[in-house]
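Colleague: Dropping the sequence and predicted coords here.
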Amino acid sequence: MVEFDNDFLFGTATASYQVEGAYNEDGRGMSIWDTFCRKNGKVFNGDTGDVACDHYHRYKDDIALMKKIGIKAYRFSIAWPRIFPEKGKFNQMGLDFYKRLIDELLINNIIPCATIYHWDLPQWADDLGGWLNRDVVHWYGEYVEKIFKELGTYVPMWITLNEPWCSSILGYGTGDHAPGHKNFGEALTAAHHLLLSHGNAVRIFRDFNLKDSKIGITLNLNEVYPETDSLDDKIAASIIDGYSNRWFLDPIFKGSYPDDMVKLFSSIFGSLDFIRNEDFNDISQKVDFLGVNYYTRAIVRKCVGELFNVKYVDGPNKKTDMGWEISPESLYNLLTRLKNEYTKELPIYITENGAALKDIISDDGHIHDDERIEYLKLHLNEAYRFIKNGGNLKGYFVWSLMDNFEWAYGYSKRFGIIYVDYKTQKRILKDSAIWYKDVIATRRIE
Ligand code: IFM
């Protein structure tokens with residue numbers, strides 16, 4: 001029997017560009033995703049976040065649904081281009097939306113958990129070089145300062161960045177995400193400036209001395225396994241671990257980049273001269289918690305000719321609609337490794353976990369997403385196992401509250417526990433939402 005303590009936080013998560021819509025209302029400026037979606041062939045079906053789930057207008061109804069499910073915390077993100085649509089120009093109307101959203105959450109006893117940056121960089125910032133321009137640290141600093149000043153006391157949980165690996169590697173390395181560059185040297189520069197911006201935001205946050213608020217960062221992390229026991233595959237796994245996990249964890253928790261990766265990256269991409277020694281003092285500012293987004297594991301083998309001479313290979317287990325292998329026990333291994341090597345007693349939150357599935361509305365009008373229930377159940381079981389073995393895991397946020405804009409996949413992937421009919425904007429609670437309601441109410445998984 002799995003039974004979570006009363007202080008374990010059960011939440012759900014979304015992000016501004018994925019749900020809000022209202023892309024040109026109340027003074028919002030354009031973001032890199034508005035631009036990216038308008039480029040031919042970048043996003044499935046030419047989909048955009050222009051309307052998305054219309055959460056900007058329907059947030060009250062959506063919060064009522066959260067209340068119905070019994071959700072205790074809502075992780076949303078703030079759209080930087082609503083707050084600063086132009087460089088140095090603050091937009092009160094944009095901020096007021098988040099005031100309304102937070103008020104409504106508080107009235108309904110739902111804890112607001114705000115992510116400050118979930119990928120929607122203002123277009124003006126990109127025009128000036130985006131995450132490649134070191135000045136971005138100051139632009140982001142100005143933004144976070146305003147946010148803490150206006151909203152700081154109402155939000156108990158702040159997250160500086162969501163998944164800087166994706167913002168940098170997918171945005172500047174592979175070109176799969178906005179702004180769509182394909183240059184891994186740039187990706188490392190962007191990653192560094194993201195990390196610096198994170199550290200600077202933590203420092204600014206401390207200056208506000210918000211006694212009832214905590215701050216952390218959310219990283220997408222995986223366990224990386226070699227396909228075989230060969231030395232070549234083990235080295236391949238260590239490289240991918242360095243590239244996707246340690247490159248972000250080490251500077252935050254250990255105050256330096258991992259030596260092996262510095263050597264490898266500089267041998268491939270040349271001098272990493274965007275790094276200054278004093279930067280690590282900023283990046284390793286003490287955080288109050290670590291947010292972990294976990295979906296799958298990685299299995300790799302050596303393969304000459306691929307990037308880093310490594311190839312990702314398919315695992316044997318069932319996959320979600322993203323093609324991601326379902327591997328709950330790797331969540332346990334990941335959390336245990338984080339505790340041992342990085343976080344020790346520091347609280348961890350699973351800030352995202354969930355499954356995209358081909359949900360269909362049955363003849364009875366319901367969505368019987370048993371596979372999602374199974375996915376969530378298996379992962380919550382592993383989360384509980386971690387707690388029972390001494391892990392300081394404080395909460396779990398399902399990705400996502402509702403189906404939404406899944407970046408380059410447009411609306412073709414459904415992660416929600418609430419179904420969204422994009423034509424009518426009708427919401428339907430999936431069976432997983434009803435199941436989650438029961439888990440939250442009893443704190444138990446049968
Ligand atoms: O939808 C995304 C989210 O924005 C960031 N984490 C992963 C999710 C699923 O791909």
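Modeller: Yep, that arrived.
Colleague: Contact residues of this protein facing the ligand?
Modeller: 15, 18, 163, 293, 352, 399, 406, 415 (Cβ under 6 Å from any ligand atom). (Glycine included, C-beta is placed from N, CA and C.)
Colleague: Looking at those, which are in helices?
Modeller: Residues of the residues of the chain next to the ligand located in helices (DSSP state H): residue 18.
Colleague: Quick one: classify residue 363 as helix, strand or coil.
Modeller: With DSSP: H, G, I helix; E, B strand; the rest coil as the basis, residue 363 sits in coil.
Colleague: Could you report the distance from it to residue 241?
Modeller: 47 Å (Cβ to Cβ, to the nearest Å).
Colleague: out of those two, which sits in the busier spot?
Modeller: With neighbours defined as other Cβ atoms under 10 Å, residue 363 and residue 241 compare such that residue 241 has more, 23 against 5.
Colleague: Could you tell me how many residues sit around the residue of the stretch 51-200 of the chain found nearest the ligand?
Modeller: Closest approach between the stretch 51-200 of the chain and the ligand, counting by Cβ to the nearest ligand atom: residue 163, at 5.6 Å. Burial of residue 163 is recorded as 25 neighbouring residues (other Cβ under 10 Å).
Colleague: For it, give me the pLDDT.
Modeller: If you check residue 163, the pLDDT there is 98.
Colleague: for it, what are its contacts?
Modeller: Residues in contact with residue 163 (Cβ atoms under 8 Å, 6 or more residues apart in numbering) are 119, 218-220, 293.
Colleague: wait, what's in contact with the residue nearest to residue 418 when sequence neighbours are not counted?
Modeller: Spatially, and ignoring its direct neighbours in sequence, residue 418 is nearest to residue 402 (4.0 Å; Cβ to Cβ, 6 or more residues apart in numbering). By Cβ under 8 Å, 6+ apart, the contact list for residue 402 reads 14, 19, 53, 62, 416-420, 427.
Colleague: Of those residues, just say which sits nearest to residue 358.
Modeller: For the contacts of residue 402, the residue nearest residue 358 by Cβ to Cβ is residue 419; the value is 11.9 Å.
Colleague: Helix, strand or coil: sort out that closest one for me.
Modeller: Relying on three-state DSSP, one would call residue 419 strand.
Colleague: Residue 140: which element?
Modeller: Residue 140 is part of helix 136-151 when elements are defined by DSSP states H and E.
Colleague: What is that helix packed up against?
Modeller: Packing partners of helix 136-151 (3 or more Cβ pairs under 8 Å, 6 or more residues apart in numbering; DSSP states H and E): helix 80-83, helix 92-107, strand 111-117, helix 184-208.
Colleague: Give me the buried stretch members for it, please.
Modeller: 136-137, 139-141, 143-145, 147-148, 150-151 (16 or more other Cβ atoms under 10 Å).
Colleague: now do stretch 438-446
Modeller: By neighbour count with 16+ other Cβ under 10 Å, stretch 438-446 contains the buried residues 439-440, 445.
Colleague: give the contact list for the closest residue to residue 131 other than its chain neighbours.
Modeller: Residue nearest to residue 131 in three dimensions, not counting chain neighbours: residue 190, with 3.7 Å by Cβ to Cβ, 6+ apart. For residue 190, the contacting residues are 130-132, 167-168, 171-172, by Cβ under 8 Å, 6+ apart.
Colleague: ok so, going back, so of the helices and strands packed on helix 136-151, which one's packed in deepest?
Modeller: Neighbour counts (mean count of other Cβ atoms under 10 Å) averaged over each of these peak at helix 80-83, with a mean of 27.
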